[in-house]
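Visitor: model this:
(one chain, ligands or ions: 1)
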Amino acid sequence: MRYPLRSIIMSVLPPVRKDRIIGQLPKCFNKGAALNTEDEFKSKVKTACQQQRTGTVGRFKISKVIVVGDLAVGKTCLINRFCKDVFDKNYKATIGVDFEMERFEVLGVPFSLQLWDTAGQERFKCIASTYYRGAQAVIIVFDLTDVASLEHTRQWLEDAMKENDPTSVLLFLVGTKKDLSSPAQYTLIEQDAIKLADQMKAEYWAVSALSGELLTREIAIVYGICSNFV
Ligand SMILES: Nc1nc2c(ncn2[C@@H]2O[C@H](COP(=O)(O)OP(=O)(O)OP(=O)(O)O)[C@@H](O)[C@H]2O)c(=O)[nH]1
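Guide: Numbers count the residues shown, from 1 in each chain. Next comes the predicted model:
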C-alpha cells in the first residue's frame with residue numbers, strides 16, 4: 001500500500017507547540033522601525049490561508065532565515081532561546097553554519113522556518129556565506145553593549161545581499177544582550193540602531209537571550225514572511 005509523502009511526514013512530526021500557533025499579528029517593537037504596523041494580516045494572506053494556497057510543497061511553506069553578525073554578539077543564544085528556550089553562558093564559537101527548524105501554524109496553515117546560524121569569525125565567513133543564498137529573511141545581529149558591532153551590520157547586510165535579491169528579502173536588525181546594557185548606554189545605541197534600521201528598511205528589536213525578554217517578538221518574522229508569500 002502507498003501513502004502520500006505528506007501524510008507520512010505529518011504522522012512522524014510532533015504537534016506544533018501552542019505558542020507557535022499564530023492567529024493574530026504580533027505587535028511591532030518600535031513603530032519607527034517596523035516592517036508592518038498593521039494589526040491584522042492582509043486580507044490576501046487570510047484568503048490564501050483559507051484556500052490553502054500558501055505552500056510550494058503541498059500545504060507546506062518553508063522559509064529560510066539567515067542570522068548574521070559579528071563574532072560573539074549572541075546569534076546562537078538568540079536562536080537557542082527562541083527554538084529551545086534555553087540559555088548557555090559559555091561561549092562556543094559556531095564553526096561554519098548550524099541549522100534549526102521551527103514549525104508554526106499561521107492562520108491554520110502549517111508553516112516552517114529554517115533558521116541558519118552562521119559563524120561571526122572571519123576565518124569561517126567564507127564557508128558561512130555559501131549558505132546565504134535563497135533567504136526570505138535576514139536577521140542582522142549586533143551587541144547592544146558594543147557600538148562597533150552595530151557599525152559592522154552594514155557590511156553584514158552587504159555580504160548577505162550579494163547572494164540574495166534585495167527587493168524580496170525581509171530584514172531585521174536585532175540588538176542583543178539588553179540585560180547587560182545600562183539605561184543610558186541603551187538609549188544612545190538604540191537611537192543609532194533605529195536610524196540604521198530605517199535606512200536599511202529593516203525591522204528593529206532589542207532582546208536578551210538571558211532573560212528571554214521580548215524574544216517572542218521573533219515570531220514577528222512570521223508575519224513579515226507571511227504577508228509576502230501570496
Ligand atoms: N548576558 C547575556 N549574555 C549573552 C546574551 N546573548 C549571548 N550572550 C553571551 O555571549 C556569548 C556569545 O554568544 P553566542 O550566541 O555564542 O555568540 P555568536 O554570535 O553565536 O558567536 P559566533 O558563533 O562566534 O559568531 C556567550 O558567552 C553568551 O552566553 C544575552 O542576551 N545576555
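Visitor: which residues of this structure score low on pLDDT?
Guide: 1-12, 53-62, 213-230 (pLDDT under 70).
Visitor: cutoff 80 now
Guide: For the chain, the stretches flagged by pLDDT under 80 are 1-15, 19-20, 22-32, 34-46, 48-62, 106, 109-112, 212-230.
Visitor: need the residues of it near the ligand, please.
Guide: 69, 71-77, 88-89, 91, 93-94, 119-121, 176-177, 179-180, 208-210 (CB under 6 Å from any ligand atom). Using the backbone N, CA and C atoms, a C-beta is placed for each residue, glycine as well.
Visitor: are any of the residues you listed buried, and which?
Guide: Neighbour-count burial (16 or more other CB atoms under 10 Å) applied to the residues of the chain next to the ligand gives 69, 71-77, 94, 119-120, 176-177, 208-210.
Visitor: List the ones among those that fall in strands.
Guide: 69, 176 (DSSP state E).
Visitor: Mind checking which of the buried ones among the residues of the chain next to the ligand land in helices?
Guide: Among those, the members falling in helices (DSSP state H) are 75-77.
Visitor: Strands of the chain, start to end?
Guide: 21-22, 62-69, 97-106, 109-118, 137-143, 170-176, 202-206.
Visitor: could you dump the ones in helices among the buried ones among the residues of the chain next to the ligand to a markdown table with distance to Val45?
Guide: Below are these laid out as a markdown table (distance: CB to CB, whole Å):
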| residue | distance to Val45 |
| --- | --- |
| Lys75 | 29 |
| Thr76 | 31 |
| Cys77 | 31 |
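Visitor: Out of those, which is nearest to Tyr204?
Guide: Taking CB to CB as the measure, Tyr204 lies nearest Lys75 of those, at 16.4 Å.
Visitor: tell me the contacts of that closest one?
Guide: 67-69, 94, 117-118, 120, 141 (CB atoms under 8 Å, 6 or more residues apart in numbering).
Visitor: ok, Trp116 touching Ile79?
Guide: No - look at Trp116 against Ile79 with CB atoms under 8 Å: they stay out of range, at 9.0 Å.
Visitor: between these two, who's got more neighbours?
Guide: Ile79 (24 against 21; other CB atoms under 10 Å).
Visitor: quick one: that one and Cys49, what's the gap?
Guide: 26 Å (CB to CB, to the nearest Å).
Visitor: cool, and Phe104?
Guide: 12 Å.
Visitor: Pull up the gap between Leu196 and the ligand, please.
Guide: 18 Å (CB to the nearest ligand atom, to the nearest Å).
Visitor: scratch that, Met200
Guide: 19 Å.
Visitor: residue contacts, that residue?
Guide: 140, 153-154, 157, 171, 173.
Visitor: ok, so of those residues, who is nearest Pro110?
Guide: Leu171 (25.1 Å).
Visitor: tell me the contacts of the nearest residue to that closest one once chain neighbours are set aside?
Guide: Spatial nearest neighbour of Leu171, chain neighbours left out: Ala202 (3.6 Å); criterion: CB to CB, 6 or more residues apart in numbering. Ala202 makes contacts with 33, 35, 140, 171-173, 196, as judged by CB under 8 Å, 6+ apart.
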